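>>> Here is a sequence with its predicted model. Questions after.
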Amino acid sequence: VAFTHQRLSLAAVFLVGIAGCLVAALEELRTASDSERLYFALPLALHAGWTTVAALLNVNLVLVQRQTTAAIQLAAAFCTVYAAAFAGVLAVTLRGYTLYTLAIAWALLAIAVEQPASKALPGLDAVPRKALEY
């Protein structure tokens, strides 16, 4: 509801909370049986990874909505990618959450592929598309 009413700051807070809850639930399933992990932890890890990236991306949307400078938006975009990568590396290194990390990578790739050509860096959008051609 917050997102559809253009209340992006509130939506960002909600998404951070949702991502945190999903990761906490995933942590609770660490001691689950194999069948419980198959039916609950795997889909939860996938959802948690996508939601983590959505929460980080929403911060960028808030900056765009508030019409911050292009330099701030670019810095935030880089910080978003680094934060998502850091979360994925920590998750797989410390907890073995491979699917969570793969979901983060998948979400970042999907965002990169869907971005329109940049006026500041023409041809930049061709890079992720060329990577998918191989």
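Now that the structure is in, tell me what you want to look at. Bear in mind the structure is a predicted one, so any value in this text is a computation, not a measurement.
>>> And the residue nearest the centre of this protein?
By C-alpha atoms, centre = their mean, the chain has its centre lying nearest to residue 53, at 1.0 Å.
>>> Run through the helices of this structure in chain order.
8-28, 34-36, 42-65, 70-90, 98-114, 126-133 (DSSP state H).
>>> List of residues touching the first one?
With contacts defined as C-beta atoms under 8 Å, 6 or more residues apart in numbering, helix 8-28 is touched by 2-3, 41, 44-45, 47-48, 51-52, 54-55, 58-59, 61-62, 65, 95, 97, 100. Every residue, glycine included, has its C-beta placed from N, CA and C.
>>> got a pLDDT number for residue 62?
Note for residue 62: predicted pLDDT of 88.
>>> and it, what does it touch?
8-9, 12 are the contacts of residue 62 under C-beta under 8 Å, 6+ apart.
>>> Save these as CSV, and put in neighbour count, pLDDT and distance to residue 74 too.
Converted to CSV, the contacts of residue 62 look like this (neighbours: other C-beta atoms under 10 Å; pLDDT from 0 to 100; distance: C-beta to C-beta, whole Å):
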residue, neighbour count, pLDDT, distance to residue 74
8, 20, 81, 18
9, 14, 84, 20
12, 21, 85, 19
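>>> follow-up on the earlier one: need the winner for burial among the helices of the chain.
helix 42-65 (a mean of 19; mean count of other C-beta atoms under 10 Å).
>>> list the contacts for residue 59?
For residue 59, the contacting residues are 12, 76, 80, by C-beta under 8 Å, 6+ apart.
>>> In contact with the closest residue to the last one other than its chain neighbours, which residues?
Okay, so that is residue 80. Of all residues not flanking residue 80 in the chain, residue 56 sits nearest, at 4.5 Å (C-beta to C-beta, 6 or more residues apart in numbering). Residues near residue 56 by C-beta under 8 Å, 6+ apart: 80, 83-84.
>>> still on that earlier bit, and the helices of the chain, which one's lowest on average pLDDT?
Checking each of those, the one with the poorest mean pLDDT is helix 126-133, at a mean of 52.
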